[in-house]
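Novice: I'd like to go over a predicted model; first the sequence, then the structure.
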Amino acid sequence: MNLFTELSNEPLNVIPYDGTVLYYGKVFTKEQSNFFYEYLFNHIPWEYDEAMIFGKLILTKRKVAWFGEKPFEYTYSKRSKYAKPWTSELLKLKQKCEDVSGETYNSCLLNLYHDGSEGMAYHSDGEKNLKKHGAISSLTFGAERKFLFKHKRTKEKIEIGLENGSLLVMKGTTQDHWLHRLPPTTKVKTPRVNLTFRTIEE
Ligand SMILES: O=C(O)CCC(=O)C(=O)O
Ligand SMILES: [Fe+2]
């Protein structure tokens, strides 16, 4: 990254074809990032997520929470959860994502990874009630982690680092062609909070 892009916060398209992934880098100051990290870590009602593995219901190590402007249903492993109403802090974060990305969002999935042993396997965000080709804004607070994209056909991989207070936007046909993953790592010993602002269609 050259000095100009660093100072102007110009988004860089992370993937070379078949979609758009814009990494804006840090969009919050260190003080703001610390404030939101503390708030999210301590005040979000985190719950273990459930996953069905070979017909067995297990709890993930990672914790999750689900918020939205309406009690949207979130189904995972055939269990339903309903979005909790926005808090004022989450609304501020949503506003920031909307201002920077020029898109709107009506819900947010939050993930808490306690340390590098927790991650997320390759997937694309294609839930049925998610707006098709809608933008997803992803914020990171806390530990910096690596993030990987893998093209479904060519298998090309792209790796980036998600910094504390940074914003990543996935949009267009990205989810049709690319998987993404948060790889586990022994190097990270501290928590990371991730928020993905999304648009649910009823
Ligand atoms: O933690 C992350 O950065 C990614 C989370 C993610 O991909 C998801 O919640 O769908
Ligand atoms: Fe995802």
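Specialist: Yep, it's here. Ligands and ions are numbered 1, 2, ... in the order given.

Novice: Identify the bridge partners of T20.
Specialist: Taking DSSP bridges as the rule, T20 bridges to K171.

Novice: mind checking how far it is from I158?
Specialist: Distance, T20 to I158, by CB to CB, to the nearest Å: 13 Å. The C-beta positions use only the backbone N, C-alpha and C, and glycine is treated the same way.

Novice: burial measure for the nearest residue to L12 once chain neighbours are set aside, as a count.
Specialist: In space, and not counting its chain neighbours, L12 is closest to Y23: 5.5 Å by CB to CB, 6 or more residues apart in numbering. A count of nearby residues for Y23, using other CB atoms under 10 Å, gives 19.

Novice: any idea which element Y23 lies in?
Specialist: Y23 is part of strand 20-26 when elements are defined by DSSP states H and E.

Novice: Now tell me what touches that strand from outside.
Specialist: 6, 9, 11-15, 33, 100-101, 149, 160, 163-172, 174, 178 (CB atoms under 8 Å, 6 or more residues apart in numbering).

Novice: residues from the chain in reach of ligand 1?
Specialist: 109, 111, 120, 125, 138, 147, 180, 182, 194, 196 (CB under 6 Å from any ligand atom).

Novice: export those to a markdown table and tack on neighbour count?
Specialist: Below are the residues of the chain next to ligand 1 laid out as a markdown table (neighbours: other CB atoms under 10 Å):
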| residue | neighbour count |
| --- | --- |
| L109 | 21 |
| N111 | 21 |
| M120 | 16 |
| D125 | 16 |
| S138 | 23 |
| F147 | 23 |
| H180 | 23 |
| L182 | 21 |
| N194 | 23 |
| T196 | 18 |
